[in-house]
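Participant: pasting a predicted model and its sequence here:
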Amino acid sequence: MDLHRLRLLREVHGRGTVHGAARALGYSPSAISQQLAVLEREAGTPLLERVGRNVRLTAAGQVLVRHAATLLDGVEAAEAELAAVAAGRVAGVVRIGSFQSAFIRVVAPAIRSLAAAHPDIRVEAAELEVEQAAPALRLQQLDVMVGDEYDGQPRAVHTDLLREHLLREHIRVVLPEDHPSAAADRVPIAELADLPWAACQPGTGHREMHVRVCRELGGFEPDLRYSSDDFLILLELVRTTGAGALLPDLVIGQGAPGVAVRLPAEGAVGRTVFLLTRRTRTPAVAAVADALTEAASRATPDW
């Protein structure tokens, strides 16, 4: 059986529809359907069955996808080893997905250090949220993911992927520098009930954290007046509109002029940043993971 067709089958399984797989791979739906029909002839049994507008694997299809993952991982490892042999050192392409603030403070510095330590590793990086990146890891469209997890909001457990801790951040109250509560080192959230707030879009982990902190620590429903998934925009909204925000250490960096950065008086609120890869790591992926771990150790400020 052709490895390319096995990859198509796994993609259809991961996306749930032929059209979804076609969009992800840049093929037409008819081209994928034709290739899967050939694969079924090669297998000698149906591999997919239609359920409404979606498709699902038959029992035979599930067996084949399970073995396809092993075969494709083996091909990936062989390609990486061949690249290393040809170069005489660790080599290959490693694709990273990361959320914005870790991209700036962790991923970018790691890429710089890798360029010096491992010049034959080509790093490709894109800004992605965890919800997009985890499926892409399984489908071998990404090799490394940097994700985040707010206290009390655990991410899904992926038993087939390898997770490593990178760093832990404080969530800090960010206020206009002339706000009356900014005079104290720690700010009671309960004093900020009348403040307009800037937070990420509905449905995001940051938005959920923001609402939960205001309810649990402050005892009020926040006036979420401004929304953006760009943390730098949220910081600017505090600086220029008089809003408040709850932002992690990676966003604030070594300081933010024009705003006051304080800890909540009611208790610590935090966020964990983690690394996710497939369980089988090529030497190039292992080198990138090490560089990210080293960069993360220097990323948070010493307040």
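Facilitator: Good, I have the coordinates.
Participant: pLDDT weak spots in the chain?
Facilitator: Confidence mapping of the chain against pLDDT under 70 gives the ranges 84, 87, 254, 301-303.
Participant: tell me, what residue is most central in it?
Facilitator: Nearest to the centroid of the C-alpha atoms of the chain, with distances taken as Cα atoms, centre = their mean, sits Val130, at 3.3 Å.
Participant: with adjacent residues omitted, what lies nearest to that one?
Facilitator: Of all residues beyond its chain neighbours, the one nearest Val130 is Gly147 (4.1 Å), with distances taken as Cβ to Cβ, 6 or more residues apart in numbering. C-beta coordinates here come from the backbone N, C-alpha and C atoms, glycine included.
Participant: run through the bridge partners of the one you found.
Facilitator: Beta-bridge pairing of Gly147 under DSSP bridges involves Phe274.
Participant: which ones are touching it?
Facilitator: Applying Cβ atoms under 8 Å, 6 or more residues apart in numbering to Gly147 gives the contacts Phe99, Val130, Ala133, Ala134, Arg155, Val273, Phe274, Leu275, Leu276.
Participant: list the buried ones in the helix or strand where the fourth one lies?
Facilitator: Taking DSSP states H and E as the definition, one finds Ala134 inside helix 130-138. Along helix 130-138, the positions that meet the burial threshold by neighbour count (16 or more other Cβ atoms under 10 Å) are Val130, Ala133, Ala134, Ala136, Leu137, Arg138.
Participant: kindly export that helix (C-alpha atoms) in PDB.
Facilitator: Backbone C-alpha positions of helix 130-138 (Å, rounded to 0.1, in the frame of the first residue of the first chain) are rendered in PDB as follows:
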ATOM      1  CA  VAL A 130      -3.600  24.900  21.200                       C
ATOM      2  CA  GLU A 131      -6.900  23.900  19.700                       C
ATOM      3  CA  GLN A 132      -5.400  24.200  16.200                       C
ATOM      4  CA  ALA A 133      -2.000  22.900  17.000                       C
ATOM      5  CA  ALA A 134      -2.700  19.600  18.800                       C
ATOM      6  CA  PRO A 135      -4.500  18.000  15.800                       C
ATOM      7  CA  ALA A 136      -1.700  19.200  13.500                       C
ATOM      8  CA  LEU A 137       0.800  17.400  15.700                       C
ATOM      9  CA  ARG A 138      -1.000  14.100  15.200                       C
END
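Participant: that one: how far from the chain's middle?
Facilitator: In terms of Cα atoms, centre = their mean, to the nearest Å, the centre of helix 130-138 is set 7 Å apart from its chain centre.
Participant: for stretch 206-214, same thing?
Facilitator: With Cα atoms, centre = their mean, you get 19 Å for stretch 206-214.
Participant: in that stretch, which residues are buried?
Facilitator: Counting neighbours by 16+ other Cβ under 10 Å, stretch 206-214 gives His206, Arg207, Glu208, Met209, His210, Val211, Val213, Cys214 as buried.
Participant: Three-state assignment for the fifth one, please.
Facilitator: Per DSSP: H, G, I helix; E, B strand; the rest coil, the local secondary structure of His210 is helix.
Participant: now do it against Glu40, distance only.
Facilitator: Between His210 and Glu40 the computed distance is 49 Å (Cβ to Cβ, to the nearest Å).
Participant: try the fourth one
Facilitator: As judged by Cβ to Cβ, Met209 and Glu40 stand 47 Å apart.
Participant: check the buried residues of helix 130-138 and tell me the two furthest apart.
Facilitator: Spatially, the most separated pair among the buried residues of helix 130-138 is Val130 and Arg138, at 13.1 Å (Cβ to Cβ).
Participant: chain neighbours aside, what residue packs nearest to Ser182?
Facilitator: Quick fix: residue 182 is Ala, not Ser. Leaving out its chain neighbours, the residue that sits closest to Ala182 by Cβ to Cβ, 6+ apart is Ala260, at 3.5 Å.
Participant: the one you found: what secondary structure?
Facilitator: Ala260 carries the three-state label strand when classified by three-state DSSP.
Participant: so it bridges to which residues?
Facilitator: Under the criterion DSSP bridges, Ala260 forms beta bridges with Leu175.
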